[in-house]
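S.K.: here is a sequence with its predicted model. Questions after.
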Amino acid sequence: MGAKSMLDTLAGGAVTKALEAFYNHSPKSIVKFNDVIAKKGLGSWVWTSDGKKLLDMTSGIGVVSTGHCHPRVVKAVQEQAATIVHAQQNVFGAHEKMVELADRLNDVMPPHLSRYFLCNSGAEAVDNAVKIARSYTGRPNIIAFDGGFHGRTIGSMALTTSKTVYRQGFAPLMPGVFIAPYPYCLHCKVQEAWGHSGYKLAPDMPPFDSPDSRKCCNSPLEALDWMLKMQTAPQETAAVILEPVLGEGGFITPPPGFMAALRRWCNTHGVMLIADEVQSGAGRTGTWWGYQQFDDGAMQPDLLVFAKGIASGYPLAGVAARDDAFKNAAPGTLGGTYGGNAVACAAAVATIDVIRDEGVLDNARQRGIQLMTGLLELSKRHPAIIDVRGRGLMVGLELGARDGSSRSAPKGIASEVTKACGRHGMLLMSAGARESLRFLPPLTITEGEVSAALDIFSKALDEVLSRKS
């Protein structure tokens with residue numbers, strides 16, 4: 001079917017037929033959450049080819065941070081596309097937008113991370129962070145946490161345990177990876193013994209992590225000590241990698257003191273600490289980087305991986321590193337054809353300017369509080385809501401039994417809620433191996449749009465939970 005006849009078909013409303021034709025060429029291993037064809041986007045909204053208007057609470061899985069087609073980003077991309085599209089990073093010392101981007105990163109990165117390696121995707125950046133850590137320390141092993149998602153490449157996939165499907169059928173995986181328990185306090189057996197007195201429904205509402213809202217048994221930290229005695233010796237452990245807020249794992253936040261203790265543990269054993277900020281970074285949590293939300297930023301990562309929202313939808317990623325991190329990496333050991341592409345760098349420069357100039361960080365904080373407050377109100381009517389968590393506009397909600405009698409939810413209920421949201425005009429995604437939902441809208445979402453999202457979500461919950469036994 002040619003391009004013109006395809007467009008004519010869509011204009012006639014035959015989206016199902018057009019999708020069926022496309023799906024004949026698309027691998028079934030790529031899951032499709034919504035059987036629609038996107039036509040255009042603006043701000044927090046997406047329009048489909050058959051005229052539907054959808055409120056986007058996914059932002060392309062946290063990518064269009066400044067909203068769809070922000071005018072300043074569009075202008076920067078258009079101008080750069082007419083100037084130079086690609087000036088390869090090995091062929092040239094730099095291109096102008098790469099120089100500008102380094103200047104912008106200097107403004108928003110923590111001061112101790114002053115060198116930047118640029119690439120295309122979060123998974124590629126994670127792979128390179130592993131290479132940098134192994135090179136710097138001369139050690140082979142990496143510790144990751146269960147529930148983490150770090151990518152789909154052979155290297156990053158080995159670090160990923162949010163769901164088995166991401167690794168299924170692709171073994172053998174990269175060796176030298178060890179998985180530590182993450183403090184998922186909601187389902188901790190110690191919390192169960194405490195009657196969940198150390199983890200209330202909303203530990204992530206201001207005042208954040210107050211002493212009366214969250215308390216951890218610290219067994220995950222103890223488990224790290226045992227790992228060094230039983231699985232990977234200190235002199236063989238290069239790095240620990242952690243998402244400051246678990247992303248695909250369910251938008252789970254660490255308990256008070258955990259990040260600071262992890263930093264001390266790494267210092268004691270000479271282990272590098274990698275913050276995977278692919279989803280939690282670039283203003284998503286209301287600060288430039290997610291780790292800054294916890295223990296007053298005590299994590300102080302040695303390497304920080306960024307991607308997704310840094311360029312408002314254009315493929316740019318990277319690793320921010322300590323000045324000495326590359327000292328053992330010989331020339332030629334790092335690189336990539338498209339890393340630091342000129343158009344993507346232009347988008348990133350504009351994105352950082354928008355976030356900085358238009359009060360986007362404050363908006364993320366305020367709209368996040370509005371969203372979590374609204375979800376907590378819904379929990380009074382729906383005891384199936386057993387947790388509301390996150391920071392800024394990275395908000396997670398977990399479902400349990402319909403009547404609240406159990407923390408085990410009916411399988412597939414989160415997906416049913418997302419489909420119901422779609423029927424009511426909103427895009428929403430599930431997250432993690434448990435029945436959780438993630439709210440990940442553009443950071444520019446308005447107060448009225450958050451209210452609209454809550455109304456739609458309420459209708460979807462009513463529809464799904466009323467028919468669940």
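M.R.: Looks like it came in fine.
S.K.: helix or strand: which one has R438?
M.R.: Here R438 sits within strand 436-439, counting by DSSP states H and E.
S.K.: report the distance from that strand to the chain centre.
M.R.: Strand 436-439 has its average C-alpha position 12 Å from the chain's average C-alpha position, going by CA atoms, centre = their mean, to the nearest Å.
S.K.: cool, and stretch 419-439?
M.R.: 15 Å.
S.K.: now do the buried residues in that stretch.
M.R.: When burial is assessed from 16 or more other CB atoms under 10 Å, stretch 419-439 yields the following buried residues: 419-422, 424, 426-432, 434-439. To be clear about C-beta, it is placed using only N, CA and C from the backbone, and glycine gets the same treatment.
S.K.: also stretch 48-62?
M.R.: Going by neighbour count (16+ other CB under 10 Å), the buried part of stretch 48-62 is 48-50, 52, 54-62.
S.K.: repeat for stretch 452-460
M.R.: Buried residues in stretch 452-460, counting neighbours by 16+ other CB under 10 Å, are found at 452-454, 456-460.
S.K.: quick check, nearest of those to C345?
M.R.: A453 (32.2 Å; CB to CB).
S.K.: now the strand or helix carrying the closest one: how far from the chain's centre is it?
M.R.: Under the assignment given by DSSP H and E, the secondary-structure element containing A453 is helix 447-465. For helix 447-465, the distance between its averaged C-alpha position and the chain's averaged C-alpha position is 22 Å (CA atoms, centre = their mean).
S.K.: name the helices or strands packed onto it?
M.R.: When contacts are defined as 3 or more CB pairs under 8 Å, 6 or more residues apart in numbering; DSSP states H and E, helix 447-465 sits against strand 53-56, helix 360-381, helix 413-423, strand 426-427.
S.K.: what residues does that helix touch?
M.R.: Applying CB atoms under 8 Å, 6 or more residues apart in numbering, the set of residues contacting helix 447-465 from outside is 44, 55, 57, 366-367, 370-371, 374-375, 378, 382, 384, 402, 413, 416-417, 420-421, 423-426, 428, 439, 441, 445.
S.K.: report the backbone C-alpha coordinates of it in CSV.
M.R.: Once non-C-alpha atoms are left out, helix 447-465 reads as follows in CSV (Å, rounded to 0.1, in the frame of the first residue of the first chain):
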residue,chain,number,x,y,z
GLU,A,447,-3.4,22.2,37.0
GLY,A,448,-6.5,21.8,34.9
GLU,A,449,-5.0,18.8,33.0
VAL,A,450,-4.0,17.1,36.2
SER,A,451,-7.6,17.5,37.4
ALA,A,452,-8.8,16.1,34.1
ALA,A,453,-6.4,13.1,34.5
LEU,A,454,-7.8,12.4,38.0
ASP,A,455,-11.4,12.5,36.8
ILE,A,456,-10.6,10.0,34.0
PHE,A,457,-8.6,7.8,36.3
SER,A,458,-11.5,7.8,38.8
LYS,A,459,-13.9,6.7,36.0
ALA,A,460,-11.6,4.0,34.9
LEU,A,461,-11.1,2.6,38.5
ASP,A,462,-14.9,2.6,39.0
GLU,A,463,-15.4,0.7,35.7
VAL,A,464,-12.7,-1.9,36.4
LEU,A,465,-13.0,-2.5,40.2
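S.K.: packing partners for the strand holding R438?
M.R.: Using 3+ CB pairs under 8 Å, 6+ apart as the contact definition, the elements that strand 436-439 packs against are strand 394-399, helix 413-423, strand 429-431.
S.K.: extract the C-alpha trace of it and format it as PDB.
M.R.: C-alpha atoms of strand 436-439 as PDB (Å, rounded to 0.1, in the frame of the first residue of the first chain):
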ATOM      1  CA  SER A 436       1.200  -0.900  39.700                       C
ATOM      2  CA  LEU A 437       0.400   2.100  37.500                       C
ATOM      3  CA  ARG A 438       2.700   5.000  36.600                       C
ATOM      4  CA  PHE A 439       1.800   8.600  36.000                       C
END
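S.K.: what mean pLDDT does that strand get?
M.R.: Averaged over strand 436-439, pLDDT sits at 97.
S.K.: contacts for it?
M.R.: The list of residues contacting strand 436-439 from outside it, by CB under 8 Å, 6+ apart, reads 57, 247, 250-251, 371, 390, 393-399, 414, 417-418, 428-431, 453.
S.K.: after the worst-scoring helix or strand of the chain on mean pLDDT, next one along is what?
M.R.: One helix or strand of the chain scores below all others by mean pLDDT, DSSP states H and E: helix 3-11, with a mean of 53. Towards the C-terminus, the helix or strand next in line after helix 3-11, according to DSSP H and E, is helix 15-23.
S.K.: in the following helix or strand past that next one, what counts as buried?
M.R.: Following helix 15-23 in sequence order, the next helix or strand is strand 38-42 (DSSP H and E). Taking 16+ other CB under 10 Å as the basis for neighbour counts, the residues of strand 38-42 that come out buried are 38, 41.
S.K.: what pairs with strand 38-42, parallel or antiparallel?
M.R.: With DSSP bridges as the test, strand 38-42 is paired with strand 45-48 (antiparallel).
S.K.: pLDDT weak spots in the protein?
M.R.: Per-residue confidence for the chain (pLDDT under 70) gives these ranges: 1-13, 209-212, 468-469.
S.K.: which residue is nearest the middle of it?
M.R.: Centroid check for the chain by CA atoms, centre = their mean gives Q279 as the closest residue, at 2.2 Å.
S.K.: for it, phi and psi?
M.R.: Geometry field for Q279 lists phi and psi as phi -100, psi -30, criterion degrees, to the nearest 10.
S.K.: not counting residues beside it along the chain, what's closest to it?
M.R.: Here the nearest residue to Q279 in space, its sequence neighbours aside, is G247; by CB to CB, 6 or more residues apart in numbering that works out to 3.8 Å.
S.K.: part of a helix, is that neighbour?
M.R.: No. The assignment for G247 is coil, going by DSSP: H, G, I helix; E, B strand; the rest coil, so no helix is present there.
S.K.: hang on, it packs against F149?
M.R.: Yes. In this structure, G247 is within contact of F149 by CB atoms under 8 Å, at 5.4 Å.
S.K.: what is in contact with those two at once?
M.R.: What both G247 and F149 touch, as defined by CB under 8 Å, 6+ apart, is the set S162.
S.K.: so for these two, which sits in the more crowded spot?
M.R.: Under the neighbour definition other CB atoms under 10 Å, G247 and F149 were set side by side, and G247 has more, 31 against 28.
S.K.: ok, the more buried one to I355 distance?
M.R.: According to CB to CB, to the nearest Å, G247 and I355 sit 19 Å apart.
S.K.: next: A18.
M.R.: Distance from A18 to I355, counting by CB to CB: 36 Å.
S.K.: swap in Y314?
M.R.: For Y314, the distance to I355 under the criterion CB to CB works out to 15 Å.
S.K.: who has more neighbours, those two?
M.R.: Neighbour tally, Y314 and I355, criterion other CB under 10 Å: the higher count belongs to I355, 24 against 21.
S.K.: that one is in contact with R72, isn't it?
M.R.: No. Counting by CB under 8 Å, I355 stays clear of R72, with 10.6 Å between them.
S.K.: got any residues that touch both of the two?
M.R.: Among the neighbours of I355, those also in contact with R72 (CB under 8 Å, 6+ apart) are T66.
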